[in-house]
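**Q** coordinates only, sequence not included:
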């Protein structure tokens, strides 16, 4: 064809930090009666290419009236300001974004087609570069949910996620790690396993996630005790000095697409298995791990509800890790009741400290689970005979070496802090006498989240009774902790509509 | 359980129209250091219950810095302002929204479970009330896409959509309608069928949609010629006076959930079949139609690509309409090439006028298609013998009665206007000599949309050649029309990456 006129238009505006926080979705604000809206036909909620110097982003545009901005300025949301490294008055150029080819692959997946490696790669590259809107991310996540990823797709998703970010290498021949797929309240074993293993001398560069659908992720809990938002360089220093670390994966740019997806999964309250396998393994591969223990708790109200699904996930984990040359061992563990006594970052951190400090009242279930996992990780070492890992792990804990190592890791990450309890509490008591027969982990987690966890670090639930505990009428079952009175009210009110959170049998009655 | 403290907190702020247009997603803006954020734990992007007098909405909250708002004010987006009927300084109360039960059904659908009528009903009620965020709408749409709705679900979705909005009744025993499922550029038969049928005396209260993924919907095209955003009462008056109307369905609150879904489908550029059947039939049922012709164009680059899919959709249409007691007839039509010469609201309106006014150069394909459909609709009448509808329709058109009726309908809707052409044009010419062998309707539509259609009414594509036309080198193939120079550039530039839009064979070469 003949076409004389090929340039994409682009127009200049002056950057203004408008002071609106749209979280991780970049937004820009322009006068609806500005020259550029008329000449380019930009409308509110359009996706726009925004360039400043050598940086560019795709942002959502909102039009504003004359009181908010002069015609020649563009308001940048906090995230847009940060991504563009903008300064007040910088020249910003706007244009229509080139159509994202990967969106047609995304739509193909929505319609049920299996994606090739190349297609998955282009989707994940665009996601890692923040080019997808939340609506598009939601569609991609939903299209992959409910067992709709094939084995080949899980593998290509894993690879694509690794390729989109940084990748670490370590001098040690063996780099170990452990991961729990989550869903079991209070199962904060990582903070105990890492110091045990590091104290023994193995390299364990642990990156953890923040909560997706739970009241606390390992990164949220660790953050109560020490900084976790370390750069890659800072993380490397910690591991070189102390053999191990517990940092948040999101700030080290390992598998950055995963962090973008998790943000929207959290809003949707959706977890999906194939994506989870890719998420976990991509982080491990990017962190340079060679030997990994995967902990899968199974129970009626945790993520894995039955053995059949757990076995499918195990197979998917083994299949992908085999293809990438990583040694993994999958453990099925008891997921029928909460671990420890706390739910929520601060309350879980207190349980962890009790175990590490060998306190008398330390939760025994958390201690045992952590030692089992640490023992398995230690057995990856050629120096440790099969069957002796648990004993070795127990020695490292009871001798105080693990606690010593944990303090050293916290120091290296920026300094240890004592967890502080919340100001607002409400005790829930038994309405009948009997034995706690069952606890609904999902509903318990929901209450802890309504109370403010994980954002409000001290918010959450403190259990006074677990499955099997005998209780009298009016005996405390659990205490809700909250940082804000409104959130305490909210969590307490919600208990009315959440029946059977803790079922007390004989003398009937459940709450 | 015992719980003394059950009230949900709610706090007062003063309404301020902040002048930010977030389109149809209600948003509110509050100081991040305000009392209410601290006491309630509200964070940016949270979904918040916002009440003013007897109105309430669920809105997305964004936190802002001190320059934008005082601590005791709440900024309302344009849509939030409108939904709450707010006035400056009105007292607004904020609280945590009660959890939406229907979201758990939505998630069940994401995981592949079939929804019961009751579950579908609760999802659609919440959607119709704007309680879903765009991310949640996107998940629901995706979960239903790709043939993932069962027949029972399509029926319950249809019913739920009808129940969530207004429903019209008419004195006439027969209320007729026609609907084209779309995807075929320029196929603007409705604007010709309605005046023919209304001139004959049948009741045809036509509500049309705006474009979902195409450069113009019937409502967009009609809007060039007369107002279409009529209230239910206004629409009723038009039909009582003229037997027919062509209005936008979105402002009459017929099947309002459908309008919410379509808004997000448009962003995702997703059309899905089961949802389409429910969407179409819910509008027809709500409009009070008893007899409906459904036009399904079939071709490699329209919505229905093959006969098998079309037959499945036909079966779904017939199945649901039988259950609701509506008589429908499904017609398969040629969808291999664009109809008429224009794509985009103004350019399509010009084709329609040419046919209605019996102009010599009126596009014959559009005329023939409209007459066939009008004939079928007329045959629903007991006064019209089977096989005589086409002849009757032709008489009503050529006699000028249809054109007269069209003008009367436009007057009743608020007044007829002549379409005005766009200021900016760019002609695409043939690079080789030969015959136009194929036109890619999807790509042609994409170019028209990049040029600004349907928002920019005069934007679009004017075809100078259709399939079968013989062309010489440098002969014009089509002209791109745009209202803004930036959009013209954008559409022209994009042609470079859109090969094979119009394939000229012999003397090879395609553009």
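**A** Received, thanks. From a predicted model like this one, the values you see are computed outputs, not experimental measurements.

**Q** Any idea which helix or strand in chain A has the lowest mean pLDDT?
**A** The helix or strand of chain A with the poorest confidence is helix A:35-40; it has a mean of 74 (mean pLDDT, DSSP states H and E).

**Q** Show me what it is packed up against.
**A** Using 3 or more CB pairs under 8 Å, 6 or more residues apart in numbering or on different chains; DSSP states H and E, the elements in contact with helix A:35-40 are strand A:11-17, strand A:27-31, strand A:91-95, helix B:485-495. All C-beta spots, glycine's among them, are computed from the backbone N, C-alpha and C.

**Q** Tell me which residues are up against the longest helix along chain A.
**A** Using DSSP state H to define each element, chain A has its longest helix at helix A:307-323. Applying CB atoms under 8 Å, 6 or more residues apart in numbering or on different chains, the contact partners of helix A:307-323 are A:151, A:154-155, A:158, A:181, A:273-274, A:276-278, A:280-281, A:292, A:294, A:296, A:298, A:304, A:327-328, A:330, A:332.

**Q** Swap in 6 Å and give it another go.
**A** When contacts are taken as CB atoms under 6 Å, 6 or more residues apart in numbering or on different chains, the neighbours of helix A:307-323 outside the stretch itself are A:151, A:154-155, A:158, A:273, A:277, A:281, A:294, A:296, A:298, A:304, A:328, A:330, A:332.

**Q** Wait, a strand at residue A:25?
**A** No - Residue A:25 sits outside any strand when classified using DSSP: H, G, I helix; E, B strand; the rest coil, being coil.

**Q** how about residue A:234, what does it touch?
**A** The contact partners of residue A:234, by CB under 6 Å, 6+ apart, come to none.

**Q** That one and chain B: what is the separation?
**A** 27 Å (CB to the nearest CB, to the nearest Å).

**Q** Point out the residues in the stretch 251-400 of chain A that sit beside chain B.
**A** By CB under 6 Å from any CB of the partner chain, the residues of the stretch 251-400 of chain A that approach chain B are A:267-268.

**Q** Please apply the same query to the stretch 51-200 of chain A.
**A** Proximity of the stretch 51-200 of chain A to chain B (CB under 6 Å from any CB) is limited to residues A:62-65, A:67-68, A:96, A:110-112, A:134-135, A:138-139, A:142-143, A:145-146.

**Q** Just those residues: which are in strands?
**A** Secondary structure of these is defined by DSSP state E; positions in strands are A:62-64.

**Q** residue boundaries of the helices in the stretch 401-511 of chain A?
**A** If DSSP state H, counting those that start in this stretch is used as the criterion, the helices of the stretch 401-511 of chain A fall at A:401-413, A:441-450, A:485-495.

**Q** And those: which comes nearest residue B:410?
**A** Between residue B:410 and these, the shortest separation by CB to CB is 53.9 Å, and it involves helix A:485-495.

**Q** and that closest one, what does it pack onto?
**A** Helix A:485-495 sits against strand A:424-429, helix A:441-450, with contacts defined as 3 or more CB pairs under 6 Å, 6 or more residues apart in numbering or on different chains; DSSP states H and E.

**Q** from the ones you listed, which stretch is densest packed?
**A** A comparison of the helices and strands packed on helix A:485-495 by mean neighbour count, using mean count of other CB atoms under 10 Å in any protein chain shown, puts helix A:441-450 on top with a mean of 24.

**Q** What angle do strand A:424-429 and that helix make with each other?
**A** 150 degrees (axes from the mean of the first three to the mean of the last three CA atoms, to 10 degrees).

**Q** how does chain A divide into domains?
**A** Each structural domain of chain A that the record assigns through automatic domain parsing is listed here as a residue range: A:11-95, A:102-163, A:176-252+A:268-413, A:424-505.

**Q** How far off centre is stretch A:58-67?
**A** 31 Å (CA atoms, centre = their mean, to the nearest Å).

**Q** What's the first helix or strand after the host helix or strand of residue A:257?
**A** Secondary structure assignment for residue A:257, by DSSP states H and E: helix A:256-268. Once the chain leaves helix A:256-268, the next helix or strand it forms, by DSSP H and E, is helix A:273-286.

**Q** Who are the packing partners of that next one?
**A** On the basis of 3+ CB pairs under 6 Å, 6+ apart, helix A:273-286 makes packing contacts with helix A:151-163, helix A:307-323.

**Q** ok, residues contacting it?
**A** A:144, A:149, A:154, A:157-158, A:161-162, A:165, A:167, A:177, A:179, A:207, A:249, A:254-255, A:258, A:292, A:313, A:316-317, A:320, A:324.

**Q** Please list only the buried members of the residues you listed.
**A** The neighbour-count test (16 or more other CB atoms under 10 Å in any protein chain shown) marks A:144, A:149, A:154, A:157-158, A:161-162, A:165, A:177, A:179, A:207, A:249, A:254-255, A:258, A:292, A:313, A:316-317, A:320 as buried among those.

**Q** tell me the SS of residue A:127?
**A** Secondary structure, three-state DSSP: residue A:127 is helix.

**Q** tell me the contacts of it?
**A** With contact set as CB under 6 Å, 6+ apart, residue A:127 has these partners: A:257, A:260.

**Q** In chain A, where is pLDDT below threshold?
**A** Applying pLDDT under 70 to chain A flags residues A:1-11, A:497-499, A:507-511.

**Q** This completes my enquiry, with thanks.
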